[in-house]
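Asks: When you get a sec, could you give me coordinates for this:
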Amino acid sequence: MLHSFLRASALLVPAVLFSNLIQATEAPYPIQDTPLTGGAGSVSQHDQNAYSLPLANMSMTRRLDFSVGNSFFRNPWVVAPASTDARDGLGPLFNTNSCQGCHLKDGRGHAPVSIDMPSVSLFLRLSVPADPAQDADLLREHGLKPAPVYGGQLQTSAIPGMKPEADMIVEWQPVTQTLADGTEIVMRKPIYHIENPNYGPLPDNLLTSPRVASPMIGLGLVEAIPESALLANEDPNDADSDGISGRANRVWDRTSKQTVIGRFGWKAGQPSILQQSMDAFAGDMGLTSTVAPSTDCTSEQECERFPDGGQPEVTDKVASFIEFYASSLAVPTRRDMDDPIVKQGAKLFNDLTCAACHTPSHTTGQVTRPELSNQIIWPYSDFLLHDMGPGLADERPEFLADGNEWRTPPLWGLGLTKVVNPQAGFLHDGRAETIEHAILWHDGEARAAADGYRQLPKNERDALIRFLNSL
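Replies: So this is what the prediction gives:
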């Protein structure tokens, strides 16, 4: 089947990509042979709560800690001072009042579907071009230069007495792609506007990057993958000439005070679950912690006029519970693995070289938590940066990641995305309303795989989508 597909598409795929596709299909990508996608901790629940369950192999004692962390993750934080002093200090500027506000049921967020709809789980990161010499410390520790006055993230909400930074407006434009068999696919392209800035004009050289909340499942397992295993997949100069040149981001870990590889976030800009979580508290909710002692509020905005919720507002104990919760969310088991169409789709996934970036399997190392140690897992990601082409580019660098690069997102649990949140979208800004749309937006290093998908007959396209929905 593959050889006939390659012959049929030879005239339609650019020569270099065609050559790369042939070479890459020779790679021995594994096909998942167990439903335990997240190792022994996988859970067999596939309803709207599929992403919200603790690791199946976790002790009952630790499940109590999981429940405490869950309460801080789900319940809203409030304005200080308040009788709820364990959860006060919200703002003064913020995007949402709870972690759950963005990660709906621990799943993906979604973009607003119309201009007049407020954005809840999609926000804009901000920065301005940096001078490598003058801004060396900023670049080393933050990977970017925040925008003057407005900081590193646009806050569209505020507590009483404070004005939000601005309104974010998303306008959708239709984009049509025609597949080889004549099928027309109408997708949507977002155009972002910042309106009604309340703290002076925005800089002329402002860089923006839309980010939608990612699913929370399996984070502890990702953190447990040995660094050496991730670096083994690096090929920054495309030495094997397969057209794929993944590389790790190198980021600043504020806990260990050293540069390490990034694993989390859309550009792999975060080194750990703890730092990712505390930066979200600071940027999304305006809450300080030991790891993130400052929020995104700048001196020009005078947030110190308002009472805080303590120093820090997220205590180390609460931060530990949240880190434990975020690292303990289980991955749902695979479904329909014995379906012949799903099996066909799994082979097509490898034949089209999707597995070159969406690396099917990893093995976790020996870590302090036994339930995360030595697990064979199937996240379908190499967790490296890849050039995804101009269509998905944000043109905003973050540490080593340039404006075209994104971390390969894991695909485990993909088919349950809209079961958990029916409004959820795919890709970094939620623009893709379906898995097929997400495939068709792939470009750059993924151009050959996306072009290969365009050449498939409908029954094979359906088989590939069936496979992805089984994950």
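
Asks: drop to CA atoms for contacts and neighbour counts, all remaining ones
Replies: Will do.

Asks: residues in contact with the residue nearest to Gly89 when sequence neighbours are not counted?
Replies: Nearest non-adjacent residue to Gly89, counting by C-alpha to C-alpha, 6 or more residues apart in numbering: Gly309, 3.9 Å away. Going by C-alpha atoms under 8 Å, 6 or more residues apart in numbering, Gly309 touches 79-81, 85, 87-90.

Asks: would JSON lines of the residues you listed with distance to Leu179, neighbour count and secondary structure be doable?
Replies: Formatted as JSON lines, the contacts of Gly309 follow (distance: C-alpha to C-alpha, whole Å; neighbours: other C-alpha atoms under 10 Å; DSSP: H, G, I helix; E, B strand; the rest coil):
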{"residue": "Val79", "distance to Leu179": "52", "neighbour count": "20", "secondary structure": "coil"}
{"residue": "Ala80", "distance to Leu179": "55", "neighbour count": "21", "secondary structure": "coil"}
{"residue": "Pro81", "distance to Leu179": "58", "neighbour count": "16", "secondary structure": "coil"}
{"residue": "Asp85", "distance to Leu179": "57", "neighbour count": "15", "secondary structure": "helix"}
{"residue": "Arg87", "distance to Leu179": "52", "neighbour count": "23", "secondary structure": "helix"}
{"residue": "Asp88", "distance to Leu179": "53", "neighbour count": "22", "secondary structure": "strand"}
{"residue": "Gly89", "distance to Leu179": "52", "neighbour count": "27", "secondary structure": "coil"}
{"residue": "Leu90", "distance to Leu179": "49", "neighbour count": "29", "secondary structure": "coil"}
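
Asks: Dump these to CSV, plus distance to Pro164 and pLDDT.
Replies: Below are the contacts of Gly309 laid out as CSV (distance: C-alpha to C-alpha, whole Å; pLDDT from 0 to 100):
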residue, distance to Pro164, pLDDT
Val79, 15, 97
Ala80, 17, 97
Pro81, 20, 95
Asp85, 24, 86
Arg87, 21, 94
Asp88, 19, 96
Gly89, 16, 97
Leu90, 13, 98
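
Asks: between those, which is closest to Ser209?
Replies: Nearest to Ser209 out of the contacts of Gly309 is Leu90 (C-alpha to C-alpha; 24.0 Å).

Asks: List just the nearest of the contacts of Gly309 to Ser320.
Replies: The closest of the contacts of Gly309, once distances to Ser320 are taken by C-alpha to C-alpha, is Arg87, at 14.6 Å.

Asks: I figured that closest one hits Pro81, correct?
Replies: No: counting by C-alpha atoms under 8 Å, Arg87 stays clear of Pro81, with 9.9 Å between them.

Asks: Verify the stated contact: Pro332 with Asp47.
Replies: No: Pro332 is not in contact with Asp47 according to C-alpha under 8 Å; the separation is 9.9 Å.

Asks: These two: which has the busier surroundings?
Replies: Pro332 (30 against 11; other C-alpha atoms under 10 Å).

Asks: residue contacts, the more buried one?
Replies: 36-38, 42-46, 50-51, 412-413.

Asks: 7 Å instead?
Replies: 37, 42-46, 50, 413 (C-alpha atoms under 7 Å, 6 or more residues apart in numbering).

Asks: I'd like to know which of the residues you listed are buried.
Replies: 37, 42-44, 46, 50, 413 (16 or more other C-alpha atoms under 10 Å).

Asks: Tell me where the stretch 151-300 of the chain has helices.
Replies: Remark: helices assigned in the stretch 151-300 of the chain by DSSP state H, counting those that start in this stretch are 219-223, 227-231, 273-285.

Asks: looking at the ones you listed, which is closest to Gly109?
Replies: Gly109 lies closest, by C-alpha to C-alpha, to one member of the helices of the stretch 151-300 of the chain: helix 273-285, at 13.6 Å.

Asks: and the closest one, what other elements does it pack with?
Replies: Packing partners of helix 273-285 (3 or more C-alpha pairs under 7 Å, 6 or more residues apart in numbering; DSSP states H and E): strand 93-94.

Asks: can you tell me the average pLDDT over the strand it packs on?
Replies: Averaging pLDDT along strand 93-94 gives 98.

Asks: Counting by contacts, list what that strand packs against.
Replies: For strand 93-94, the packing partners by 3+ C-alpha pairs under 7 Å, 6+ apart come out as strand 157-158, helix 273-285.

Asks: Show the contacting residues for the residue lying closest to Leu427 once chain neighbours are set aside.
Replies: Among residues not flanking Leu427 along the chain, Ala438 sits closest, at 6.4 Å (C-alpha to C-alpha, 6+ apart). Counting by C-alpha under 7 Å, 6+ apart, Ala438 touches 426-427, 432.

Asks: give me that answer again for 10 Å
Replies: Ala438 makes contact with 187, 425-427, 430-432, 450, according to C-alpha atoms under 10 Å, 6 or more residues apart in numbering.

Asks: Appreciated, that's everything.
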